[in-house]
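> sequence? don't have it. structure:
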């Protein structure tokens, strides 16, 4: 399993993390002879400065939860909760409504520390009021299932007890025989809202993170359509490694998504292929319920899940799942026997 700092870097998808003009100026040959991190560092002078990329963690030997801003290379951080009035809990921090521009400006006066390899990463949001998922929200997903595109999104829920961290284990519960994966862009709500027009819906987003929507397919499909049970087993919702504020994600509808299992690429898609975009999902949900700070919306997963491979391939103890979304870092979770 990888150290926390390696998951925090914004260097995924090499062909996309630097602008085309910058690559042309540097020369493609450099990509073959220099480490990607060195190239990115030369393009972005602030690559090593903590940004509005927030992580929750516990120091080695401590029990106190901390909140920090992390640099794009994952090596530097500012401990907000120890030197400012920022709450150490992410949901409470969101409710504090910090001005991100002011926060970024003030980082020049704050102590920057190294991200220690010994820290324990926590889920960026541990106790959300709601976790709402969208079933099959990618065009290529419907294509691989040979199903028609729906006119409206179909929603489901996962419960907070299913949440686990970016480096934590996923338990292969004996009650679940066909455990599947699905990397998803998770949207974190920033402001309380109800009856939101679609054209203002993005104003209510705080930021984005990676989620793995682990599913017991046998409960979702074979045993009477028990979607809620199949989605909500303990550890079936890895989140992390950080929340990236929306100011650092200029276009959430154009992010690359990748899942690897035991080093084999299983999913490779882009959020531009979502059927129902983020603004519509927020608009639609807000017609039925109040969305609150810290609520999480899982926006669907691209093609490549295990159930629709030929032959079907499900997770088993010992498997390593790597989940990555452009700009948001990476997660690495191991599937384990719950009794081991």
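Received it, and whenever you're ready, just let me know what you need. All figures in this text were calculated on a predicted structure; none of them were measured in a lab.
> what bits of this protein have low per-residue confidence?
The model of the chain has pLDDT under 70 over residues 1-5, 11-45, 220-224, 340.
> any idea which residue sits dead centre in it?
Centroid-nearest residue in the chain: residue 210, 1.0 Å away (criterion: CA atoms, centre = their mean).
> So what pairs up with that residue in the strands?
Beta-bridge pairing of residue 210 under DSSP bridges involves residue 185, residue 240.
> any idea how far it lies from residue 124?
Distance of residue 210 to residue 124, given as CB to CB, to the nearest Å: 9 Å. Quick note: C-beta positions are derived from backbone N, CA and C, even for glycine.
> and for the two, which residues touch both?
239-241 (CB atoms under 8 Å, 6 or more residues apart in numbering).
> Between the residues you listed, which sits nearest residue 198?
residue 239 (26.1 Å; CB to CB).
> Checking the residue nearest to the closest one when sequence neighbours are not counted next. Helix, strand or coil?
Nearest non-adjacent residue to residue 239, counting by CB to CB, 6 or more residues apart in numbering: residue 123, 4.4 Å away. Judged by DSSP: H, G, I helix; E, B strand; the rest coil, the three-state class of residue 123 is coil.
> how about the helices of the stretch 101-250 of the chain, start to end?
For the stretch 101-250 of the chain, the helices defined by DSSP state H, counting those that start in this stretch cover 139-145, 217, 227-231.
> between those helices, which one is nearest to residue 310?
Comparing those by their distance to residue 310 (CB to CB), the top pick is helix 139-145, with 9.7 Å.
> Name the residues of the closest one that come out as buried.
Neighbour-count burial for helix 139-145 flags 141-142, 144 (criterion: 16 or more other CB atoms under 10 Å).
> try stretch 64-78
In stretch 64-78, counting by 16+ other CB under 10 Å, buried: 65-78.
> Span of that stretch from start to end?
Using CA to CA, to the nearest Å, one end of stretch 64-78 lies 16 Å from the other.
> One more: stretch 298-314?
21 Å.
> mind checking how far that stretch is from the chain centre?
For stretch 298-314, the separation from the chain centroid amounts to 18 Å (computed by CA atoms, centre = their mean, to the nearest Å).
> May I see the buried residues of stretch 320-327?
321-327.
> could you list every residue that touches residue 88?
Counted by CB under 8 Å, 6+ apart, residue 88 has contacts 56, 64-67, 81.
> hang on, the earlier thing: would you mind measuring from the residue nearest to residue 239 to residue 293?
Residue 123 sits 16 Å away from residue 293 when distances are taken as CB to CB.
> State the distance from the residue nearest to residue 308 when sequence neighbours are not counted to residue 276.
Nearest-residue entry for residue 308: residue 144, 4.9 Å, with adjacent residues in sequence omitted and distances by CB to CB, 6+ apart. From residue 144 across to residue 276, the span is 18 Å (CB to CB).
> Residue 147 too?
15 Å.
> what's the neighbour count on residue 316?
Other residues near residue 316 come to 10 when the count uses other CB atoms under 10 Å.
> So what does it look like in phi/psi?
Residue 316 adopts backbone torsions of phi -140, psi 160, taken as degrees, to the nearest 10.
> Could you do residue 259 as well?
Dihedral angles (degrees, to the nearest 10) for residue 259: phi -130, psi 130.
> now do residue 297
According to degrees, to the nearest 10, residue 297 has phi -120, psi 120.
> Can you tell me the closest non-neighbouring residue to it?
Once flanking residues are discounted, residue 297 sits nearest to residue 187: 4.4 Å by CB to CB, 6+ apart.
> my guess is the one you found meets residue 294, correct?
No: shown here, residue 187 and residue 294 do not form a contact pair, counting by CB atoms under 8 Å, at 11.3 Å.
> before we move on, back to that, residue 266: which of the helices of the stretch 101-250 of the chain is closest?
Closest among the helices of the stretch 101-250 of the chain, once you apply CB to CB, is helix 139-145, at 12.0 Å.
> Now do that closest one: everything it contacts.
Helix 139-145 is contacted from outside by 136, 148-149, 269, 273, 275, 300-305, 308, using CB under 8 Å, 6+ apart.
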